[in-house]
Structures are given as C-alpha cells and as structure tokens.
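I would like the atomic coordinates for the input below:
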Amino acid sequence: MFTIFRKEIADHFNSTRFLILFCLVVCVALLTTYTVSMNLRSEISGGAKIEYLFLMLFTTSGQFFSLTQFIAFFGPLIGIIMGFDAINRERSAGTLSKLLSQPVYRDAIINAKFLAGIVTIAIMFVSLVLLLSGLGMVAIGVVPSGQEAARLAVYMLISIAYVGFWLGMAILFSIILRSIGTAALASVALWIFVSFFVGFGSGLIADVIAPADQNNPELLLKNARIATAIGRVSPVNLYSDATSTIMDPYRKTTKSFVLVGPMEKISMSRFNSALSLWQSILVVAPYLTTLVALTAVCFAVSYLVFMRQEVRSI
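Numbers count the residues shown, from 1 in each chain. Below is the predicted model of the structure:
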C-alpha cells in the first residue's frame, strides 16, 4: 500500500490540472487576504482596537468573499478533480487488471488512493494557511496568539475533512461509473445540487409547510427551524456553520435566526464575551461529527463496492 501511496502522491503533484488548480486557489486567496489586510491596516491606523484581529484575515470579506466562504464554495472542486478518475482511469488504461495480477491486495489500491488524496489535500491547506498567515503578519504587523493559532489548526482539520468528503464521493463515482466524463459530470452535478438547490429548496419547502408571518413570532421561528433543518442536509451548510463558529470566538450559536425580546437582548449583552476554543468546539460538535461521518461513509461505500466489483483484463 505504501508503494502505491507514494506513486499516487507523485502523480498528484506532477499533474498539470492539480498545479493549475492549486495556483488558482493560491492567487484568489492571496488577492482576498491582501484586500482584507489593507482594510484592517487602515482601521488600525485610525486607532481602532480589534480583538482577534488575525482571524479576521480569513473571515472578513474582501472584494467579493472571504477565504472561508471561498473554500466552502470552491473547496469541493479540489476533491472532485482529485478523485473523479481515480479508478476508471486505471480501468480504461488497462493498468488496473495488470496491477491486480501482481501479488497486491485489492484493498491496498483503494486505501492508498484515498490516503494519497487526503495527504495531498492536507499539504495544500497547511501550505495555504501558512502562506496567508505570513502575508497577514507582514501586512498588518500582528502576530497570532496561541488561541488564534489553535483555531486556525482546527479550521484546517475541518477543511480537510470537508474536502475529503468530496474526494470520497468522487472516488465512489469513479468506481460505479466506467466513463471518466460521466463520473466528472455526476460529481459536479451533486456539488451544484447541494450548493444551490438545497439552499433554495429549503426556503421554499419551509414556506409551504409553515408560511412566515411577520406578525406571528411562532410561525417565523417554525419557518426558520424547518429551513435550517433541511439546509443541514448539505455538507456546504454544515461546513460553513462550523467554520464560522470556530473562526469567530464571539459567535455563541450556529443559528442565523435567533428570536429574542428587548429584555433578553439586554441580558445577553452582559455576557458578550469570547468563547474559548473548547466551548466553540462543543457548539459545533454535531456538525463536526456529521462531516467526519459523511467522509467515512463515502469511503466505506467506495471500499465495499470496489472490493465486490469484477475487474476484467482488456
């Protein structure tokens, strides 16, 4: 397995499409971080005191979006591009049957391909965060605290699990579908569905089940709960809610709609203090568990299908 793993790692880093994708992600991230750092620098020069300033490099929207929003939306493409032809490319080239004719266990192939993809994704995210952190320190002259560095580390782990889910899904399509183009199309179609249609559909379904009434707080709350529950079907929403809570110490809930009265607002303002990292993790623990479980399930299904699939020599 380790031999196949090293070969897959070399293929990823020597792949032209991977290098193009990585350069594109780095360019967009650098542009966004530079724009945000210049805005933060002007605010600091104006005398503004901002706590957890370093984390704002990753969460503040630049010209169009923040880095966390960019990864949430375009991160799946990284996993899809790395996995949509993992198996069917070997099958169409005739190398899969030749490989299995050697004294190689079949599970070593699927394990090595998934592990190589995860390691490549981890290297990409770690290098990207370190590069942007260095740019931020030079631009705004602020060194991250231990709390901020720990939150960035947790953010990287969540991002790796998130993109790993899409990698497992793409590998599953590459096993089920023999055509490389069909596997790529199916993966992209699933990404578009969970990114766009789930978000639009959750609001429409909530309006049908419990129409919102501005004069009825109970209906408003019920409508928001239904839309949120349906939206959590999408891994994109799970990732966005988890990372926004981890990267914002002052965010105490993942809910975007909180209905409180004037006296409750006064009471909540007295406790407007930052959460510790462990408290933020507890808030998003269900989301983190779901993301890891989805990634494990995708790989498990890919593993079972590949182990039971017939491989014929060409």
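
can I assume Ile160 is in contact with Ala122?
Yes. Between Ile160 and Ala122 there is a contact under Cβ atoms under 8 Å: 5.2 Å. Glycine gets a C-beta too; all of them are placed from N, C-alpha and C.

Which one of the two is surrounded by more residues?
Ile160 (21 against 16; other Cβ atoms under 10 Å).

Show me the shaky parts of the stretch 1-150 of the chain.
Residues of the stretch 1-150 of the chain that meet the criterion pLDDT under 70 lie in 43-50, 62-63.

Helices along that one, start to end?
2-14, 16-45, 56-59, 67-83, 88-93, 95-100, 106-140, 146-176 (DSSP state H, counting those that start in this stretch).

Could you do the stretch 201-314 of the chain as well?
Counting by DSSP H, counting those that start in this stretch, the helices of the stretch 201-314 of the chain are 217-231, 235-247, 262-269, 277-283, 285-308.

still on that earlier bit, could you dump the helices of the stretch 1-150 of the chain to CSV with distance to Gln279?
CSV is the format used below for the helices of the stretch 1-150 of the chain (distance: least, Cβ to Cβ, whole Å):
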stretch, distance to Gln279
helix 2-14, 37
helix 16-45, 26
helix 56-59, 18
helix 67-83, 20
helix 88-93, 45
helix 95-100, 48
helix 106-140, 23
helix 146-176, 12
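
Tell me which of the ones you listed sits nearest to Asn237.
The closest of the helices of the stretch 1-150 of the chain to Asn237 is helix 67-83. By Cβ to Cβ, the value is 8.8 Å.

so that closest one versus helix 2-14, what angle?
Per axes from the mean of the first three to the mean of the last three Cα atoms, to 10 degrees, the angle that helix 67-83 makes with helix 2-14 is 120 degrees.

Tell me the buried residues in helix 67-83?
67-72, 74-83 (16 or more other Cβ atoms under 10 Å).

Tell me which other helices or strands it touches.
With contacts taken as 3 or more Cβ pairs under 8 Å, 6 or more residues apart in numbering; DSSP states H and E, helix 67-83 sits against helix 16-45, helix 56-59, helix 106-140, helix 146-176, helix 180-192, helix 235-247.

Make a markdown table out of those helices and add distance to Leu99.
Shown next, in a markdown table, are the helices and strands packed on helix 67-83 (distance: least, Cβ to Cβ, whole Å):
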| stretch | distance to Leu99 |
| --- | --- |
| helix 16-45 | 22 |
| helix 56-59 | 41 |
| helix 106-140 | 7 |
| helix 146-176 | 15 |
| helix 180-192 | 18 |
| helix 235-247 | 32 |
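
which regions of the stretch 151-300 of the chain sit below the pLDDT cut-off?
210, 212-217, 219-220, 223, 252-272.

What values do phi and psi take at Leu55?
When read as degrees, to the nearest 10, the backbone of Leu55 gives phi -70, psi -20.

Looking at the helices and strands packed on helix 67-83, spot the one closest to Ala296.
Ranking the helices and strands packed on helix 67-83 by proximity to Ala296 (Cβ to Cβ) places helix 146-176 first, at 8.3 Å.

So which elements touch the closest one?
For helix 146-176, the packing partners by 3+ Cβ pairs under 8 Å, 6+ apart are helix 67-83, helix 88-93, helix 106-140, helix 180-192, helix 235-247, helix 277-283, helix 285-308.

at 6 Å instead, please
Judged by 3 or more Cβ pairs under 6 Å, 6 or more residues apart in numbering; DSSP states H and E, the packing partners of helix 146-176 are helix 67-83, helix 106-140, helix 180-192, helix 235-247, helix 285-308.

buried stuff in it?
Buried positions in helix 146-176, judged by neighbour count with 16+ other Cβ under 10 Å: 148, 151-152, 154-156, 158-176.

any idea how far that helix is from the chain center?
Chain-centre distance of helix 146-176: 6 Å, with Cα atoms, centre = their mean, to the nearest Å.

Also stretch 300-314?
Relative to the centre of its chain, stretch 300-314 is centred 28 Å away, using Cα atoms, centre = their mean.

quick one: which of the buried residues of helix 67-83 is nearest to Pro249?
Nearest to Pro249 among these: Thr68, at 14.4 Å, using Cβ to Cβ.

In contact with that closest one, which residues?
Applying Cβ atoms under 6 Å, 6 or more residues apart in numbering, we find Thr68 in contact with Phe58, Thr59, Thr243.

Please report how far it lies from Met137.
19 Å (Cβ to Cβ, to the nearest Å).

Format the CA atom coordinates belonging to stretch 191-199 as CSV.
Only the C-alpha atoms of stretch 191-199 are listed here, as CSV (Å, rounded to 0.1, in the frame of the first residue of the first chain):
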residue,chain,number,x,y,z
TRP,A,191,-21.9,19.7,-6.0
ILE,A,192,-24.2,22.1,-7.8
PHE,A,193,-27.3,20.5,-6.2
VAL,A,194,-26.1,20.7,-2.6
SER,A,195,-24.6,24.2,-3.1
PHE,A,196,-27.5,25.9,-4.8
PHE,A,197,-30.7,23.9,-4.9
VAL,A,198,-30.7,22.7,-1.3
GLY,A,199,-30.4,26.3,-0.1
